[in-house]
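*Asks:* Provided below are the primary sequence and the corresponding predicted coordinates.
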Amino acid sequence: MIGRLTGKLVDKKAPTLLLDVNGVGYEIEAPMTTFYDLPETGSEVLLHTHLVVREDAQLLYGFSRETQRNLFRNLLKVSGVGPRVALAILSGMSTEEFFACMASEDVDRLVRVPGIGRKTAQRLVVELRDRLGAAGTAGIGDGMPVSTDPAYEAISALVSLGYRPAEARRAVLGLGADGASSEDLIRQALKVVAGGSK
């Protein structure tokens with residue numbers, strides 16, 4: 001299994017990118033959320049990868065964050081969800097938005113993703129929601145935390161305190177405090193949801 005690649009970004013035309021690793025060019029498919037994180041061509045980039053081996057092809061999928069790859073792998077475990085559908089989900093929403101959908105069982109939000117019907121959305125909720133911990137930080141990926149991103153940790157903390165996922169997400173992401181620690185974000189977000197100032 002190829003789990004990670006570091007090399008020069010030669011080309012990027014969604015959904016495929018070309019990565020030069022010591023003279024070997026790897027064609028990698030990636031979700032749009034990864035494309036948004038990519039630097040300019042010619043730059044060095046690290047991608048977390050997942051290899052799918054079929055009778056007629058070997059397909060490599062790449063992700064800018066390990067949480068994206070963890071979610072991709074868990075999506076593949078759901079009946080009726082293949083790599084294309086999993087990529088569509090990761091292109092249509094962030095991992096944080098997906099976890100919020102699971103926590104609130106928001107089927108309507110899921111069906112807005114191209115290629116996701118109501119039955120598939122309902123199956124996703126049924127099969128994945130129980131893998132999430134109380135705050136959405138465990139269960140996706142063998143009980144390990146799904147993200148070390150401060151904003152996500154802050155959202156998860158607010159959800160564990162009883163706030164609705166959508167409300168917690170609005171409060172944290174509305175702060176626009178890049179570089180702040182999760183503790184600072186939680187403190188500021190609590191003031192927001194309590195009706196105070198930032």
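*Replies:* Happy to help now that I have it.

*Asks:* least trustworthy helix or strand in this protein by mean pLDDT?
*Replies:* helix 150-160 (a mean of 74; mean pLDDT, DSSP states H and E).

*Asks:* list the buried ones in it?
*Replies:* 150-159 (16 or more other C-beta atoms under 10 Å). Yep, even glycine has a C-beta here, placed from its N, CA and C like the rest.

*Asks:* columns distance to Arg129 on top of the residues you listed, output as a markdown table?
*Replies:* Listed next are the buried residues of helix 150-160 as a markdown table, based on distance: C-beta to C-beta, whole Å:
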| residue | distance to Arg129 |
| --- | --- |
| Pro150 | 24 |
| Ala151 | 22 |
| Tyr152 | 17 |
| Glu153 | 20 |
| Ala154 | 21 |
| Ile155 | 16 |
| Ser156 | 15 |
| Ala157 | 19 |
| Leu158 | 18 |
| Val159 | 13 |
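
*Asks:* in these, find the pair that's most separated.
*Replies:* Spanning the widest gap among the buried residues of helix 150-160 are Pro150 and Val159, at 15.0 Å by C-beta to C-beta.

*Asks:* tell me where the model's unsure across this protein.
*Replies:* 130-149, 160, 177-178, 195-198 (pLDDT under 70).

*Asks:* can you rerun that using 50?
*Replies:* Filtered on pLDDT under 50, the chain yields the residue ranges 133-147, 197-198.

*Asks:* who does the closest residue to Val21 other than its chain neighbours form a beta bridge with?
*Replies:* Excluding the flanking residues, the one nearest Val21 by C-beta to C-beta, 6 or more residues apart in numbering is Gly7, at 3.6 Å. Beta-bridge pairing of Gly7 under DSSP bridges involves Val45.

*Asks:* now do the strand or helix carrying Ser91: which elements does it pack against?
*Replies:* For Ser91, the enclosing helix or strand under DSSP states H and E is helix 83-92. The helices and strands touching helix 83-92, judged by 3 or more C-beta pairs under 8 Å, 6 or more residues apart in numbering; DSSP states H and E, are helix 32-35, strand 58-63, helix 66-76.

*Asks:* what comes up buried for it?
*Replies:* 83, 85-92.

*Asks:* neighbours of Pro114, just the number please.
*Replies:* Neighbourhood size, Pro114 [other C-beta atoms under 10 Å]: 10.

*Asks:* wait, it sits on Ala88?
*Replies:* Yes: using C-beta atoms under 8 Å, Pro114 makes contact with Ala88 at a distance of 5.7 Å.

*Asks:* where does the closest residue to Val85 other than its chain neighbours fall, phi/psi-wise?
*Replies:* Leaving out its chain neighbours, the residue that sits closest to Val85 by C-beta to C-beta, 6+ apart is Gly115, at 5.6 Å. Here is the backbone geometry of Gly115 (degrees, to the nearest 10): phi 90, psi 0.

*Asks:* who are the contact partners of Gly115?
*Replies:* 84-85, 88 (C-beta atoms under 8 Å, 6 or more residues apart in numbering).

*Asks:* so how far is Leu185 from Leu175?
*Replies:* 6 Å (C-beta to C-beta, to the nearest Å).
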